[in-house]
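**Student:** A structural model of the following input is requested.
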Amino acid sequence: MSDAPTPRTEVNRAELFSRSNEELLAEWAIDTSVDPYDLPLEALDPGHPDLFEAGTQMRYFERLRAEDPVHYTEVSQFGPYWSVTRFEDCMHVDRNHDLFSSDFRKGGISLGGASQPDGADEYDLPMFIQEDPPKHDEQRKVVSPMFTPRKLAGLEDLIRTRACAILDDLPVNEEFNWVRAVSVELTGQMLATLFNVPQEDRDKLIYWSDAVQNLGNPEFFNSIEEGFAELWKCYEYFAAVWAERKAQNEPGDDLISMLVHGESTRDMPPNEYLGNILLLIVGGNDTTRNSISGGVLALNQFGDEYDKLRADPTLIDTMVPEIIRWQSPVAHMARTAVADTEIGGKQIKAGDRVAMWYLSGNRDETAIDDANQFVIDRNNPRHHLSFGFGIHRCVGNRLGEMQLRILWQEIMKRFDNIEVTGEPQYLKSSFINGIRDLPVTIRA
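**Tutor:** Have a look, this model is predicted:
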């Protein structure tokens, strides 16, 4: 341990973020081909982004669920943290928000967040998902009307029209990237609608969503500092939208208008406005987008289930939540213990960082029958962790499910088979379980 790199939480973030992303990645790179069963248990660092990019993370969680379901990683690029890997333990942490804080000042909701008691760091972007009650509840309530059943029912025809247009424009007998052609396109159009900004600007929204997930990726930015500079261009864009909505005589029913007129959001400082905009962009894009891609991949990996779907397309209703469970688009949510407590017999100290691994809990066979199988006609398909539990349960979960349901209904009307014809490329992130590239071919 004496020769291990210094955990990132002990480094000044301004100094860290100005360093080259290539340098930082090289400093923490690991050999992803090593079988985790060949490593000492205490050496396992399941949150390493290289594992997710290589698609080798699930075997780590398989071992932890069996041998050390509440696991302590002492040294990592994120600093020390606990991994909670079983279904019931994840639910325990998620439901006890008074004991496990989401507050960004204490570290926030993802590994890598550092304690900033004064919230004074220039890289802090407060957002309601990284707040505890009462502020979390007050700000979430502002945007919740966008996702009521009545509001969603009014969007169904629009989503179907767009899905049809996207699918009818796909090439046949020619390999293409499903992620860009379908997943990104449908979710990008929906984001523009939710914000009521021009459809021709949807590529900007997708770019900023990608930027959030790739701040440390040298393919995108030379440094994290450079990535944050791009995110502030998002603020400049939406500051103009804010001013426009504020000047309107009648409040609109889009997300920006809701923020402008919400009692708990109308006086947000710039960094908090940007933080909440990015939360809504990522929440409205990345989760649904990766479930759309993950569903195609899963059906190709489990051909019998694809046959089952072709024989009975009404199974789409149960397949949609199964896709979301299987993909687990949000790999983890992190919390900070605010008092000494116990999880699974392990002693958690106040101030400890705790990661709830949703994608691991979703494969926990003590809680879900045949959890390591993709089964499109499960009896209880919504029994999964992907949307979280308690006060932080995903506010847009029904919209995401609706987009998936409509898209697959239209797919099955048109295509007998969407064949994965190349290797998927995964996101280098242990927060969003993402697919960057999924080569597919639709046969005539």
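**Student:** residue contacts, residue 245?
**Tutor:** Residue 245 makes contact with 251-252, 254, 256-257, 260 under the criterion CB atoms under 8 Å, 6 or more residues apart in numbering. All C-beta atoms are positioned from the backbone trio N, CA, C, and that covers glycine.
**Student:** which among those residues gets closest to residue 154?
**Tutor:** Checking these against residue 154 with CB to CB, the nearest one is residue 254 at 12.9 Å.
**Student:** what's residue 356 sitting at in phi/psi?
**Tutor:** Per-residue torsions, residue 356: phi -90, psi 110 (degrees, to the nearest 10).
**Student:** Can you list the buried residues in the strand or helix carrying residue 160?
**Tutor:** In the assignment (DSSP states H and E), residue 160 maps to helix 149-168. By neighbour count on 16 or more other CB atoms under 10 Å, the buried set for helix 149-168 is 152, 155, 159-160, 162-163, 166-167.
**Student:** hang on, residue 339 packs against residue 99?
**Tutor:** Yes. Residue 339 sits in contact with residue 99 when judged by CB atoms under 8 Å, with a separation of 6.3 Å.
**Student:** Mind checking which of those two has more residues around it?
**Tutor:** Between residue 339 and residue 99, counting by other CB atoms under 10 Å, residue 99 is the more crowded of the two (17 against 12).
**Student:** Run a quick neighbour tally on the closest residue to residue 67 other than its chain neighbours.
**Tutor:** Excluding the flanking residues, the one nearest residue 67 by CB to CB, 6 or more residues apart in numbering is residue 41, at 6.2 Å. Residues within reach of residue 41, counting by other CB under 10 Å, total 12.
**Student:** Could you tell me the model confidence score at residue 41?
**Tutor:** For residue 41, the model assigns a pLDDT of 97.
**Student:** In contact with it, which residues?
**Tutor:** Counting by CB under 8 Å, 6+ apart, the residues that residue 41 touches are 63, 67-68, 71.
**Student:** Which single one of those is nearest to residue 321?
**Tutor:** Looking across the contacts of residue 41 and measuring by CB to CB, the closest to residue 321 is residue 63, at 27.0 Å.
**Student:** That closest one belongs to a helix?
**Tutor:** Yes. Assigned with DSSP: H, G, I helix; E, B strand; the rest coil, residue 63 falls within a helix.
**Student:** wouldn't it be in contact with residue 39 here?
**Tutor:** No. Under the criterion of CB under 8 Å, residue 63 is not in contact with residue 39, lying 9.0 Å apart.
**Student:** Look at those two and report which has more neighbours.
**Tutor:** Counted by other CB under 10 Å, residue 63 and residue 39 do not tie: residue 63 has more neighbours, with 19 against 13.
**Student:** Next up, the contacts around that one.
**Tutor:** By CB under 8 Å, 6+ apart, the contact set of residue 63 is 36-37, 41, 44.
**Student:** Give me the buried subset of these.
**Tutor:** 36, 44.
**Student:** and which of the contacts of residue 63 is nearest to residue 436?
**Tutor:** Looking across the contacts of residue 63 and measuring by CB to CB, the closest to residue 436 is residue 36, at 23.7 Å.
**Student:** Residue 215: which of the buried residues of helix 149-168 is nearest?
**Tutor:** For these, the closest approach to residue 215 (CB to CB) belongs to residue 166, at 28.9 Å.
**Student:** Quick check: closest non-adjacent residue to the closest one.
**Tutor:** residue 185 (5.3 Å).
**Student:** So which elements touch whatever helix or strand that neighbour lives in?
**Tutor:** Taking DSSP H and E as the criterion, residue 185 maps to helix 184-195. For helix 184-195, the helices and strands in contact under the criterion 3 or more CB pairs under 8 Å, 6 or more residues apart in numbering; DSSP states H and E are helix 149-168, helix 202-213, helix 255-261, helix 270-301, helix 397-414.
**Student:** after the first one, next one along is what?
**Tutor:** In other words, helix 149-168. strand 176-177.
**Student:** Run through who's touching that next one.
**Tutor:** The contact list for strand 176-177 (CB under 8 Å, 6+ apart) reads 170, 437-441.
**Student:** Could you rerun that using 10 Å?
**Tutor:** 170, 182-184, 293, 421-422, 425, 435-442 (CB atoms under 10 Å, 6 or more residues apart in numbering).
**Student:** State the next helix or strand along the chain beyond that strand.
**Tutor:** The C-terminal neighbour of strand 176-177 among helices and strands, as given by DSSP H and E, is helix 178.
**Student:** If you average pLDDT per helix and strand, which one of this structure comes out bottom?
**Tutor:** One helix or strand of the chain scores below all others by mean pLDDT, DSSP states H and E: helix 13-17, with a mean of 77.
**Student:** And the next helix or strand past it?
**Tutor:** Downstream of helix 13-17 (by DSSP H and E), the next one is helix 21-28.
**Student:** For that next one, which residues meet the burial criterion?
**Tutor:** Buried-residue list, helix 21-28, by 16+ other CB under 10 Å: 21, 24-25, 28.
**Student:** so who does residue 21 touch?
**Tutor:** 214-227.
**Student:** Could I get the contacts of residue 41 in a markdown table, plus columns for secondary structure, distance to residue 372 and pLDDT?
**Tutor:** Formatted as a markdown table, the contacts of residue 41 follow (DSSP: H, G, I helix; E, B strand; the rest coil; distance: CB to CB, whole Å; pLDDT from 0 to 100):
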| residue | secondary structure | distance to residue 372 | pLDDT |
| --- | --- | --- | --- |
| 63 | helix | 14 | 98 |
| 67 | helix | 17 | 98 |
| 68 | coil | 19 | 98 |
| 71 | strand | 19 | 98 |
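**Student:** on that earlier part again, go ahead and build a PyMOL selection from the buried members of the contacts of residue 245.
**Tutor:** Applying 16+ other CB under 10 Å to the contacts of residue 245, the buried members can be selected in PyMOL as follows:
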select buried, resi 254+256+257+260
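**Student:** which residue ranges form the helices in the stretch 1-150 of the chain?
**Tutor:** Secondary structure of the stretch 1-150 of the chain, counting by DSSP state H, counting those that start in this stretch: helices at 13-17, 21-28, 49-54, 57-67, 87-95, 135-143, 149-168.
**Student:** Tell me which of those sits nearest to residue 334.
**Tutor:** Among the helices of the stretch 1-150 of the chain, helix 87-95 comes nearest to residue 334, with 9.6 Å by CB to CB.
**Student:** Which positions within the closest one qualify as buried?
**Tutor:** Buried residues in helix 87-95 (16+ other CB under 10 Å): 87, 89-95.
**Student:** and of those, the nearest to residue 333?
**Tutor:** Closest to residue 333, out of all of the buried residues of helix 87-95 and judged by CB to CB, is residue 94, at 7.3 Å.
**Student:** so who does the nearest residue to the closest one once chain neighbours are set aside touch?
**Tutor:** Spatially, and ignoring its direct neighbours in sequence, residue 94 is nearest to residue 389 (4.2 Å; CB to CB, 6+ apart). Residues in contact with residue 389 (CB under 10 Å, 6+ apart) are 90-97, 356.
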